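Chemist: after the sequence you'll find the predicted model.
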Amino acid sequence: MWRRVASLSSSISSSFLAQTASRLNTWESLTTGIAQQAKGVIAPKEKTPFITFVLGGPGSGKGTQCIKIVETFGFAHLSAGDLLRREIASKSADGAMILNTIKEGKIVPSQVTVKLIQKEMELSDNHKFLIDGFPRTEENRVSFEQIIGVEPNVVLFFDCPEEEMVKRVLNRNEGRVDDNLETIKKRLTVFQALSLPVINYYSEKGKLYTIKAIGTEDEIFEQVRPIFAAFEQTVG
Ligand SMILES: Nc1ncnc2c1ncn2[C@@H]1O[C@H](COP(=O)(O)OP(=O)(O)OP(=O)(O)O)[C@@H](O)[C@H]1O
Ligand SMILES: Nc1ccn([C@H]2C[C@H](O)[C@@H](COP(=O)(O)O)O2)c(=O)n1
Ligand SMILES: [Mg+2]
């Protein structure tokens, strides 16, 4: 968990805070916003963060494979969709807007989603993060870079035929408001139009690992395993 190491008195100037914030390293830049709000100075984390974005269409198996990655490699799993659903359940100020957006198969404004992710990262003791279902748009991607101040180390793309994704979502049976044919069609359109450009962006940056997301869950995980095994020594 992030620790505040000093409680700053109001006599400390904002320029001092700005200078302090500008000296923060990669980890610390996650919390620059908080520092600038003069709420306190955040202790640096001991390890550099290792960030994996987990992308793929609706029902491609992102959440299912994230559970296996957590079990095998000890990552913290942050699902953007789960964080948004938690906001709806908590009846927060943004809850109604988020619910309508999800029902429509659209994308919630990036600022809202990134702030939720940021909060979870700050609260975590882990330095290895799986960020599931994010970024879904170029706006999401840029917003994360601006607010969090880091780029992903790895981007996984679960590449699954549409027919299979629709079948899986309709069989999911978790009571999700977006698991119906009408919303799935909209989500697939959004995925093609807004998410594929993000996937292409990371492909061009050489960060993309494409997984053929058909077969059993275990068969798919055997494609995922070597990716993280290769990083295990360096990431810790
Ligand atoms: N390889 C697989 N074969 C068959 N069914 C699968 C497979 N992997 C996952 N499923 C099932 O498909 C459904 C969708 O999987 P999951 O929730 O992991 O997808 P997702 O990519 O996280 O979807 P969403 O973006 O909608 O959250 C779940 O009911 C899950 O149990
Ligand atoms: N970056 C994100 C992630 C999710 N949402 C919204 C819209 C999605 O259809 C819904 C469910 O997400 P999932 O559980 O399928 O990952 O949540 C978003 O707006 N932005
Ligand atoms: Mg999911």
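Modeler: Happy to help now that I have it. Ligands and ions are numbered 1, 2, ... in the order given.
Chemist: what helices or strands is the top helix by length along the chain leaning on?
Modeler: Longest helix in the chain by number of residues (criterion: DSSP state H): helix 217-235. Judged by 3 or more Cβ pairs under 8 Å, 6 or more residues apart in numbering; DSSP states H and E, helix 217-235 is in contact with helix 62-73, strand 154-159, strand 208-212. Backbone N, C-alpha and C define where each C-beta goes, glycine included.
Chemist: do the longest one and ligand 2 meet?
Modeler: The reference is to helix 62-73. No - Helix 62-73 stays clear of ligand 2 (Cβ under 6 Å from any ligand atom), getting no nearer than 6.8 Å.
Chemist: the helix or strand following that helix: how far from the chain's middle?
Modeler: Going down the chain from helix 62-73, the next helix or strand is strand 76-79, by DSSP states H and E. Here the centre of strand 76-79 is set off from its chain's centre by 7 Å, with Cα atoms, centre = their mean, to the nearest Å.
Chemist: what mean pLDDT would you report for the longest helix of the chain?
Modeler: Helix 217-235 carries an average pLDDT of 96.
Chemist: that helix: which residues count as buried?
Modeler: Within helix 217-235, the residues that count as buried by 16 or more other Cβ atoms under 10 Å are 220, 221, 223, 224, 228, 231, 235.
Chemist: check stretch 196-203 too.
Modeler: Within stretch 196-203, the residues scored as buried using 16+ other Cβ under 10 Å are 198, 199, 202.
Chemist: between the buried residues of helix 217-235, which is nearest ligand 1?
Modeler: residue 220 (5.3 Å; Cβ to the nearest ligand atom).
Chemist: what's near enough to touch the nearest residue to that closest one once chain neighbours are set aside?
Modeler: Nearest in space to residue 220, with sequence neighbours left out and distances taken as Cβ to Cβ, 6 or more residues apart in numbering, is residue 213 at 5.8 Å. Neighbour list for residue 213: 56, 60, 61, 158, 159, 160, 164, 220 [criterion: Cβ atoms under 8 Å, 6 or more residues apart in numbering].
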